[in-house]
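Asker: got a predicted model here, sequence first, then my questions.
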Amino acid sequence: MNCMIAQRIIEACRLSGDDLNLPELAPAAAHLEECPDCLSHFRQRQATDARIAAVMQDVPIPDGLRGRVETRLYRARRVRRVRRLAGWSVAAALLVAGVLALWRQSQHASVPIAVQPSSEWAIQVVQEKMPDAEVPVPANLTDAQAVASWCTRQLAKLGLKVSPSARLPLSGLVGIARTSVEGHAVAIFQYDDSRGTADLLALPLSQFDVGGDGSSPQVWQTRNLVVVTWTEGETAYVAVLKNWSRREWQQLVPRTGGVS
Amino acid sequence: MASEYGPTDVRLLVDEHYRSLYRYAYRLSGSVADAEDLTQEAFCTAHERIGQLRDPACARAWLFRILRNHYLVRLRSKPPLPTVSMDELANQPDHTDETPRDWDAEDLQRALDEMPEAFRTPIILFYFEQYSYREIAELLGVPIGTVMSRLARAKAFLRSRLHAQGAAEKVNLATSRVP
């Protein structure tokens, strides 16, 4: 081993030089025994290293440092506590809001739907609760085209927009009315082809789940509007249910395979 | 045992280590204000992550690692300071007489400040903490060969700065940083 390699290894030794006892440094230790220059060099390095280490560790500690560290820690703890508290508060508020929303939804869903067996009852509801809701049917509605356009205008007056693409069979419509049954708007129409006249007919909601002669009701739905049409023999019916959801409709009409 | 240092016992760590942590921070940063700030930040972080300290015997190394991470973050956010290129340090064995000239702690700190961080940290850990090469390599996450090489060059630089008259001329003082 030459001096250069030995001194590189010496550089890697600890201050005490104990590492020279390691087996892997044995060649360097042997070289030191044989080379007085390297040995002297090694001792000088040890002395230098010892002094550097001593000076390096000699750093005066500022007065009151410990107290300032404690203060900073205390503040950090407080900030963390406040943040945690704020987080919990937000979470609790969200939880309460969620529970409230669910409760409201359940209250809304649990409103009993007044289902009565007779059309007389429905007509009575129309007359009692919304006496002005009945719309007189013009006498000149003699063809399907006129009926359709008239009904469309009436729907518009009620703020019920029906998309042209909804393909409502308006040829069957002759009348429009609105009532409020447990908070839901219902419009029901009847057109009698055989008589060539139109009558307003408010049907009980329970009749919505029947297809009459077997024809399935057709359902169009927007965000808060359900329009149902069906026929019974020569009679066409349209029901407009405002603020109804598909779920509510499906609960009401579990057998309407035509719901889409 | 994590239980020895529970979330409320970070004060024990402060009692035991705040001096050495401050000294280490001072040697790293070369500034009293930065050193104090780093010390405080390190203990705050230690408080937050006290659960990560599984073995109290490793608390000192753990705190040093936290402090160094804070220091590195600061270093990145500041414009680079001029440092000496370590590339041209004498690799030849130095048999010259190392008659010490008069040097003090300020000279030492100045020499440390001139070093790129990649050299400064290992040399501080070596002298200040008397860490072994292996311990330094583990703490810095670099191979032990790299630690040996950096330490050899850093020690040579320190000696040239602190001892031999005119030895500083051996050093390339062009400002640059180690990649």
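Answerer: That came through, no problem.
Asker: which strand or helix spans A:Arg51?
Answerer: Element membership of A:Arg51 [criterion: DSSP states H and E] is helix A:36-57.
Asker: chain A versus the residue most central in space within chain B, what's the distance?
Answerer: Taking C-alpha atoms, centre = their mean as the criterion, B:Thr121 is the residue nearest the geometric centre of chain B, at 2.9 Å. Taking C-beta to the nearest C-beta, to the nearest Å as the measure, B:Thr121 falls 13 Å from chain A. All C-beta atoms are positioned from the backbone trio N, CA, C, and that covers glycine.
Asker: contacts for the one helix or strand that residue maps to, please.
Answerer: Assessed by DSSP H and E, B:Thr121 sits inside helix B:117-128. Outside helix B:117-128, the residues that touch it by C-beta atoms under 8 Å, 6 or more residues apart in numbering or on different chains are A:49, A:52-53, A:56-57, B:23-24, B:27-28, B:64, B:68, B:72, B:75, B:86, B:112-113, B:115, B:131, B:135-136, B:139-140, B:147, B:150-151, B:153-155, B:157-158, B:178.
Asker: ok, for B:Leu72, nearest residue in space, not its chain neighbours?
Answerer: B:Glu117 (7.4 Å; C-beta to C-beta, 6 or more residues apart in numbering or on different chains).
Asker: before we move on, what about B:Arg23?
Answerer: A:Val59 (4.0 Å).
Asker: ramachandran angles for the one you found?
Answerer: A:Val59 has phi and psi values of phi -120, psi 120 when expressed as degrees, to the nearest 10.
Asker: can you pull the contacts of it?
Answerer: B:22-23, B:26-27, B:105.
Asker: helices - which of these land there?
Answerer: B:22-23, B:26-27, B:105 (DSSP state H).
Asker: pLDDT added to the residues you listed, as CSV?
Answerer: Listed next are those as CSV, based on pLDDT from 0 to 100:
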residue, pLDDT
B:Tyr22, 94
B:Arg23, 92
B:Tyr26, 92
B:Arg27, 89
B:Ala105, 83
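Asker: which members of those residues are classed as buried?
Answerer: Buried subset of those (neighbour count, 16 or more other C-beta atoms under 10 Å in any protein chain shown): B:22-23, B:26-27.
Asker: which of these sits closest to chain A?
Answerer: B:Arg23 (4.0 Å; C-beta to the nearest C-beta).
Asker: list the contacts of that closest one.
Answerer: So B:Arg23 contacts A:57, A:59, A:61, B:35, B:128 (C-beta under 8 Å, 6+ apart).
Asker: can you check B:Glu48 too?
Answerer: Contacts of B:Glu48 by C-beta under 8 Å, 6+ apart are A:76, A:80.
Asker: what's the pLDDT at it?
Answerer: B:Glu48 carries a pLDDT value of 86.
Asker: over to B:His70?
Answerer: So B:His70 comes in at 91 (pLDDT).
Asker: same thing with the one 5 residues further on?
Answerer: B:Leu75 is assigned 81 on the pLDDT scale.
Asker: so which strand or helix has it?
Answerer: Going by DSSP H and E, B:Leu75 is in helix B:59-77.
Asker: next: B:Tyr131.
Answerer: Using DSSP H and E, no helix or strand contains B:Tyr131.
Asker: please name the nearest non-neighbouring residue to it.
Answerer: In space, B:Tyr131 is closest to B:Leu125, 4.5 Å off (C-beta to C-beta, 6+ apart).
Asker: check the gap between the one you found and A:Val96 for me.
Answerer: From B:Leu125 over to A:Val96 the distance is 54 Å, taken as C-beta to C-beta, to the nearest Å.
Asker: neighbour count winner among those two?
Answerer: B:Leu125 (25 against 10; other C-beta atoms under 10 Å in any protein chain shown).
Asker: which parts of the helix or strand hosting B:Asp37 are buried?
Answerer: Element membership for B:Asp37, per DSSP H and E: helix B:32-48. Buried residues in helix B:32-48, counted by 16+ other C-beta under 10 Å: B:34-47.
Asker: now do stretch A:68-80
Answerer: A:68-70, A:72-73, A:76-77.
Asker: mind picking the two most distant members of those?
Answerer: Between any two of the buried residues of stretch A:68-80, the greatest separation by C-beta to C-beta is 14.8 Å, found for A:Arg68 and A:Arg77.
Asker: you'd agree A:Leu100 is in a helix?
Answerer: Yes - counting by DSSP: H, G, I helix; E, B strand; the rest coil, A:Leu100 is found in a helix.
Asker: mind checking how far it is from chain B?
Answerer: Separation of A:Leu100 from chain B (C-beta to the nearest C-beta): 35 Å.
Asker: now do that residue: how many residues are near it, please.
Answerer: Neighbour number of A:Leu100 under other C-beta under 10 Å is 10.
Asker: got the contact list for it?
Answerer: No contacts exist for A:Leu100 under C-beta under 8 Å, 6+ apart.
Asker: any idea how far it lies from A:Leu94?
Answerer: In terms of C-beta to C-beta, A:Leu100 sits 11 Å off from A:Leu94.
Asker: off-centre distance for stretch B:10-23?
Answerer: Remark: stretch B:10-23 is offset 17 Å from the chain centroid, using C-alpha atoms, centre = their mean, to the nearest Å.
Asker: output it as CSV - backbone C-alpha positions only.
Answerer: Provided in CSV are the C-alpha atoms of stretch B:10-23 (Å, rounded to 0.1, in the frame of the first residue of the first chain):
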residue,chain,number,x,y,z
VAL,B,10,-42.2,16.5,23.8
ARG,B,11,-40.9,18.7,26.6
LEU,B,12,-38.7,15.8,27.6
LEU,B,13,-37.2,16.0,24.1
VAL,B,14,-36.8,19.7,24.4
ASP,B,15,-35.1,19.4,27.8
GLU,B,16,-32.7,16.8,26.5
HIS,B,17,-31.9,18.0,23.0
TYR,B,18,-32.5,21.7,22.5
ARG,B,19,-28.9,22.7,23.0
SER,B,20,-27.4,20.2,20.6
LEU,B,21,-30.2,20.8,18.1
TYR,B,22,-29.5,24.6,18.2
ARG,B,23,-25.8,24.1,17.8
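Asker: all set now, cheers.
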